[in-house]
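[1] Fold the stuff below for me.
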Amino acid sequence: MKLIIQIPCYNEEDTLSVTYRDLPKVIDNVDEIETLIINDGSTDNTVQVARQIGIDHIVSFNRNKGLARVFNAGIDRCLELGADIIVNTDADNQYCGQDITKLVKPIVEGTADVVVGDRQTDTISHFSWTKKKLQKTGSFVIRRLSNTEVTDTVSGFRAFSRDAAARVNTLTEFSYTVESLIQLGNEKLKVIAVPVRTNGELRKSRLFKSIPSFVSHQLATILRVYATYRALKVFTIIGLIVILPGLFGFGRFLYFYFTVGGEGHIQSLIFSTVLINVGFLVFMFGIIADLISSNRKLIERTLYKIKKMEAEAHDN
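    Residues are numbered from 1 along each chain as shown. The predicted structure is shown next:
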């Protein structure tokens, strides 16, 4: 069984060697452990450091493309290299590398398809009170939308079986964590969480400039991704929100029409008619979006088969 540990990197010359030294060199029931970095257009000596410390594989971009695209590129390359298990970790040594054994174990035993490292954010000293509360609230929402029980939904410390990795198709340019979790949860894969340790902060996070920026990006990602897999449900809810006030206004007009006459309430009738028509249009958009969603699922199945064939071709 072959494990590849992928490490997205952007100007990580100061922390990459620390992260690499902490990685496990032997894991029970794993025959091969290899490392891969995805260089996201680094302008420092990240690539040179990677070669010096013995990183097995390097994928490089000429310019910075963002964490989500880097993650996708790493997954694709790991599958091409014949990985049976893929672990994603950060180059800033945020996660305890030795806990990779905890992530890999359920996949080796066949009890999970995806394992997410739970950082137990309440115990992290350099996380502010606001950040901890937002993490907890956001994770609660994403658990409901993804049908999983993952407690730390934005943790990037994750292990994927070959089958699960072949199903990952993230489109966002911000962060893959939320999108991939909702996607894989809706694919009915077995996604679990295990507690992991974290190390001291070596540098500030570069993923977002501020908490409001992070929240706005995540909310947009959640809505977009959930609508992709539950389009009819989302548009039906929006349509009902628009239609119900219209029906109330229409009922109000009928009440006054049959009791005191309809004079003076024509505006309510017009406004209610507009709301009902708009709500109906939203519902029709939901039907179209649902058809597009079905088409995406067919495309994802095709991509899944292609990725599996590439991985199996390497085995042979």
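[2] For the protein, which segments count as strands?
    In order along the chain, the chain carries the following strands (DSSP state E): 2-9, 32-40, 57-61, 85-88, 114-118, 158-161, 191-195.
[3] so for the second one, what's the average pLDDT?
    Along strand 32-40, the predicted confidence averages to a pLDDT of 95.
[4] For that strand, buried residues please.
    Along strand 32-40, the positions that meet the burial threshold by neighbour count (16 or more other Cβ atoms under 10 Å) are 33-40. Quick note: C-beta positions are derived from backbone N, CA and C, even for glycine.
[5] domain parsing for this structure?
    According to automatic domain parsing, the chain is divided into the following domains: 2-200, 231-300.
[6] Just say which of the ones you listed is most tucked in.
    Among the domains of the chain, the stretch with the highest mean neighbour count (mean count of other Cβ atoms under 10 Å) is domain 2-200, at a mean of 19.
[7] circling back to that earlier point, okay if I get the domains of the chain as TSV plus distance to Ile306?
    Formatted as TSV, the entries for the domains of the chain read as follows, by distance: least, Cβ to Cβ, whole Å:
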stretch	distance to Ile306
domain 2-200	9
domain 231-300	11
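[8] So which of those domains is nearest Met309?
    Of all the domains of the chain, it is domain 2-200 that lies closest to Met309, at 9.5 Å by Cβ to Cβ.
[9] From the opening residue of that closest one to its closing one, how far?
    30 Å (Cα to Cα, to the nearest Å).
[10] unless I'm mixing things up, Gly246 is touching Phe280, no?
    No: contact status for Gly246 versus Phe280: not in contact, 9.5 Å apart, counting by Cβ atoms under 8 Å.
[11] Quick check: pLDDT value at the residue of the chain positioned farthest from its centre.
    Going by Cα atoms, centre = their mean, the residue of the chain most distant from its centre is Val260, 57.1 Å out. The predicted local confidence for Val260 comes out at a pLDDT of 73.
[12] likewise Phe208?
    We note a pLDDT of 59 for Phe208 in this prediction.
[13] do Asp99 as well
    The per-residue pLDDT reported for Asp99 equals 94.
[14] And for the one 10 residues further on?
    pLDDT recorded at Glu109 is 94.
[15] now swap in Ser128 and tell me
    69.
[16] same check, this time on the one 5 residues further on
    What the model reports for Lys133 is a pLDDT of 77.
[17] Same question for the one 10 residues further on.
    Taken from the predicted model, the pLDDT recorded for Arg143 is 84.
[18] Quick check: the gap between it and Lys136.
    11 Å (Cβ to Cβ, to the nearest Å).
[19] What segments of this protein are helices?
    According to DSSP state H, the chain carries its helices in the segments 16-21, 46-53, 67-80, 100-108, 129-146, 162-167, 176-186, 211-229, 231-259, 266-315.
[20] For Ile5, which of these is the nearest?
    Proximity to Ile5 (Cβ to Cβ) singles out helix 100-108 among those, at 6.7 Å.
[21] JSON lines for the helices of the chain, including distance to Asp90?
    What follows is those, written out as JSON lines (distance: least, Cβ to Cβ, whole Å):
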{"stretch": "helix 16-21", "distance to Asp90": "7"}
{"stretch": "helix 46-53", "distance to Asp90": "13"}
{"stretch": "helix 67-80", "distance to Asp90": "10"}
{"stretch": "helix 100-108", "distance to Asp90": "12"}
{"stretch": "helix 129-146", "distance to Asp90": "16"}
{"stretch": "helix 162-167", "distance to Asp90": "18"}
{"stretch": "helix 176-186", "distance to Asp90": "11"}
{"stretch": "helix 211-229", "distance to Asp90": "16"}
{"stretch": "helix 231-259", "distance to Asp90": "32"}
{"stretch": "helix 266-315", "distance to Asp90": "24"}
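[22] any idea which of the ones you listed scores lowest on pLDDT?
    Within the helices of the chain, the least confident segment by mean pLDDT turns out to be helix 211-229, at a mean of 75.
[23] Name the surrounding residues that touch that helix.
    In this structure, residues lying in contact with helix 211-229 by Cβ atoms under 8 Å, 6 or more residues apart in numbering are 130-131, 134, 138, 141-142, 145, 154, 172, 174-175, 178-179, 182-183, 186, 207-208, 234-235, 289, 293, 296.
[24] Now for His314, how many residues are close by?
    For His314, the number of neighbouring residues by other Cβ atoms under 10 Å comes to 12.
[25] My read is that it contacts Asp84, right?
    No: under the criterion of Cβ under 8 Å, His314 lies out of contact with Asp84, with a separation of 10.7 Å.
[26] Could you export stretch 13-22 as PDB, CA atoms only?
    What follows is stretch 13-22, C-alpha atoms only, in PDB (Å, rounded to 0.1, in the frame of the first residue of the first chain):
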ATOM      1  CA  GLU A  13      11.600  28.000   2.700                       C
ATOM      2  CA  ASP A  14      11.700  28.700   6.400                       C
ATOM      3  CA  THR A  15       9.100  26.100   7.500                       C
ATOM      4  CA  LEU A  16       9.200  23.300   5.000                       C
ATOM      5  CA  SER A  17      12.200  21.500   6.500                       C
ATOM      6  CA  VAL A  18      10.600  21.600   9.900                       C
ATOM      7  CA  THR A  19       7.400  20.100   8.500                       C
ATOM      8  CA  TYR A  20       9.200  17.400   6.600                       C
ATOM      9  CA  ARG A  21      11.300  16.300   9.600                       C
ATOM     10  CA  ASP A  22       8.000  15.700  11.600                       C
END
